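K.L.:
starting from these lines, generate the structure:
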Amino acid sequence: MKKPYVTVLLCFTCLLLLFSGCTKNDDTVVIRILSSTITENLIGDYERQLSEEFMSQHPNVKIDYIGVPANDLLTKITAMSTGNDMPDVFSNLPTYMEQLSEMAITTNLHTLYSDNYLSGFSRQLLNEASISSKLEFLPWNFTPCVLIYRADLFKEKLLTPPDTWENFLDCAEKLTEDLDGDGIIDRYGFALIATNNNSGWYRFSYFLKTFGVEDAYQDTNGTWKTDIGSEQSIKAFTFYTDLALKYKVVAPGCTTVDPTVAIDLMASDKATMFIANTNAVFDIYSQNPMLKGKLGLTVLPKDVKNFINLGSNGYSIYNRSKHADIASQYLEFLCEKTNSVQLYTHTGRIPARNDACNEISNIDPSGGFQKLYNFIDNTDNFAAPAFIADVRKVLGDSYEILFTGKENDVTKVILNAQKSIESILFNK
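P.N.:
Coordinates of the predicted model:
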């Protein structure tokens, strides 16, 4: 008569064991990371490698990456926030920092990291990652936007790296060549990235700065204004578009030439100069190892002043994440000295932490890295206002109209752009 009770007891015990096993598996903490760098070839591969190492050290943690191209980052985060599907960690850039801060989704990282730890980062990088006293994202690396050029061809033709746009044009004309005499240009002086998206916009914004033109700025009274519409802005627009339309030193189809295409043009010996972040040198080397040691870097040429930006990037932690402590540990792991040194050797991205940069300088007898790292002392902080994408979309529409021949009157296009930008700035 007792057998049924024994059977029931045994079944109940088995169920307990079964569910206890499930509970153990449920102890795994999943850290969701929305990342733009994970989509890129060199750094993406290395970042996945680091995540595997971290998970092997923390068996109860799973790092789950969600890839999104940098140009689509703001749109993706906005959609995820609206849908209450925010990841624990997400990429952040000075370009998007104010917009993301206004969305009230970022943690002040001063609450997660000690002052002693943060003192190991470049002061300028921390400034660029902050709004007032709030640290919006933890800088991981930086890649200044520079002019990359074929140093071997410059030497062959007795050219020096251009300091002014006039010198730049002279170099570009001498480097635009029909190499086989068939009447078709084989190598262009410049791979111009003029896509109507963030890749084209920020390069053009930096170009304008070298002419002393600000697309948006605050005067001493705090009123937002623009230099678009000035004689200097018309001069800048004219020179920019003339590179392709008048001087013919630009590889064809510049409005469709994005960074990937420009790197291909450089790697395949079809272009000799382009404006890009410093890590693009490693992307070119990965496609064409024969070019190692044949590329040079210099600040953007000037009409009024030379310009170089920091180009920092890193990660923010969602302010409602239930796993902020583990997320912060992972970001700290990414920034560790050994990992940061290898970040540079794998990708060419300059680490945000000083100890890693000092180590790289010590193991680089050529002094090339130190020269690159010194760029940080001559850079401008670049925390864009939340509405800057709207302003730059106007600029992108304007140069696209001119490059594609839909309008040939530069002054007319610029004055229309001025009206649109002033309308954007009016209530800011």
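K.L.:
poorly predicted segments of the stretch 101-250 of the chain, please.
P.N.:
Along the stretch 101-250 of the chain, the model assigns pLDDT under 70 to no residue.
K.L.:
residue 180 in helix, strand or coil?
P.N.:
coil (DSSP: H, G, I helix; E, B strand; the rest coil).
K.L.:
mind listing what it touches?
P.N.:
By Cβ atoms under 8 Å, 6 or more residues apart in numbering, residue 180 lies in contact with residue 186. Just so you know, the C-beta spots here come from the backbone N, C-alpha and C atoms, and that holds for glycine as well.
K.L.:
same check on residue 34?
P.N.:
Listed by Cβ under 8 Å, 6+ apart, the contact set of residue 34 reads 66, 68, 73, 76-77, 80, 87, 89-91.
K.L.:
mind telling me what element it is part of?
P.N.:
strand 29-35 (DSSP states H and E).
K.L.:
buried residues in the helix or strand just after that strand, which are they?
P.N.:
The helix or strand immediately downstream of strand 29-35 is helix 41-57, counting by DSSP H and E. Residues of helix 41-57 classed as buried: 42-44, 46-47, 50-51, 54 (neighbour count, 16 or more other Cβ atoms under 10 Å).
K.L.:
so which residues make contact with the next helix or strand after helix 41-57?
P.N.:
Following helix 41-57 in sequence order, the next helix or strand is strand 61-67 (DSSP H and E). By Cβ under 8 Å, 6+ apart, the residues outside strand 61-67 that reach it are 28-36, 38-39, 44, 47-48, 51, 54-55, 87, 326, 330.
K.L.:
what angle do strand 61-67 and strand 29-35 make?
P.N.:
20 degrees (axes from the mean of the first three to the mean of the last three Cα atoms, to 10 degrees).
K.L.:
quick revisit: of the contacts of residue 34, closest to residue 249?
P.N.:
residue 73 (32.4 Å; Cβ to Cβ).
K.L.:
test my guess that that closest one contacts residue 37.
P.N.:
No - proximity of residue 73 to residue 37 does not meet the contact threshold set by Cβ atoms under 8 Å, at 10.4 Å.
K.L.:
give the intersection of the neighbour lists for these two.
P.N.:
residue 91.
K.L.:
what ranges do the strands span in this protein?
P.N.:
Counting by DSSP state E, the chain has strands at residues 29-35, 61-67, 89-92, 130-131, 134-135, 138-142, 145-150, 217-218, 224-225, 273-277, 295-298, 312-317, 350-351.
K.L.:
the strand holding residue 34: how far from the chain's middle?
P.N.:
20 Å (Cα atoms, centre = their mean, to the nearest Å).
K.L.:
and it, what's buried?
P.N.:
Within strand 29-35, the residues that count as buried by 16+ other Cβ under 10 Å are 31-35.
K.L.:
cool, and stretch 292-303?
P.N.:
Buried residues in stretch 292-303 (16+ other Cβ under 10 Å): 294-303.
K.L.:
going by distance to residue 154, which of those wins?
P.N.:
Nearest member of those to residue 154, counting by Cβ to Cβ, is residue 296, at 7.0 Å.
K.L.:
how about the nearest residue to the closest one once chain neighbours are set aside, what does it touch?
P.N.:
Spatial nearest neighbour of residue 296, excluding adjacent residues (Cβ to Cβ, 6 or more residues apart in numbering): residue 151 at 3.6 Å. Applying Cβ under 8 Å, 6+ apart, we find residue 151 in contact with 294-296.
K.L.:
doesn't residue 74 make contact with residue 389?
P.N.:
Yes - Residue 389 is within contact range of residue 74, at 7.2 Å (criterion: Cβ under 8 Å).
K.L.:
any shared contact partners between the two?
P.N.:
Counting by Cβ under 8 Å, 6+ apart, the contacts common to residue 389 and residue 74 are residue 99.
K.L.:
from residue 108, how far off is residue 261?
P.N.:
As for residue 261, its distance to residue 108 is 39 Å (criterion: Cβ to Cβ, to the nearest Å).
K.L.:
quick one: which of these two has more around it?
P.N.:
The neighbour comparison of residue 261 against residue 108 (other Cβ atoms under 10 Å) goes to residue 261, with 18 against 15.
K.L.:
could you measure from that one over to residue 363?
P.N.:
Counting by Cβ to Cβ, the gap from residue 261 to residue 363 is 34 Å.
K.L.:
cool, residue 315 as well?
P.N.:
The value you get for residue 315 to residue 363, if Cβ to Cβ is used, is 27 Å.
K.L.:
look at those two and report which has more neighbours.
P.N.:
Using other Cβ under 10 Å as the criterion, residue 315 and residue 363 rank with residue 315 on top: 24 against 9.
K.L.:
in the sheet, who's paired with that one?
P.N.:
Bridge pairing for residue 315 (DSSP bridges) gives the partners residue 91, residue 138.
K.L.:
so it sits against residue 139, correct?
P.N.:
No - between residue 315 and residue 139 there is no contact under Cβ under 8 Å: 9.1 Å.
K.L.:
residues in contact with residue 247?
P.N.:
169, 172-173.
K.L.:
how about a cut-off of 10 Å?
P.N.:
Each residue near residue 247 by Cβ atoms under 10 Å, 6 or more residues apart in numbering is listed here: 169, 172-173, 176, 189-190, 239.
K.L.:
between the residues you listed, which is nearest residue 276?
P.N.:
The closest of the contacts of residue 247, once distances to residue 276 are taken by Cβ to Cβ, is residue 190, at 11.9 Å.
K.L.:
distance-wise, check the closest one relative to residue 275.
P.N.:
From residue 190 to residue 275 the distance is 9 Å (Cβ to Cβ).
K.L.:
got it, and residue 314?
P.N.:
Between residue 314 and residue 275 the computed distance is 23 Å (Cβ to Cβ).
K.L.:
of those two, who's got more company?
P.N.:
With neighbours defined as other Cβ under 10 Å, residue 314 and residue 275 compare such that residue 314 has more, 26 against 22.
K.L.:
need the pLDDT of the more buried one.
P.N.:
With respect to pLDDT, residue 314 scores 97.
K.L.:
tell me the contacts of it?
P.N.:
37, 91-94, 109, 121, 125, 128-129, 135-142, 331, 334-335, 352.
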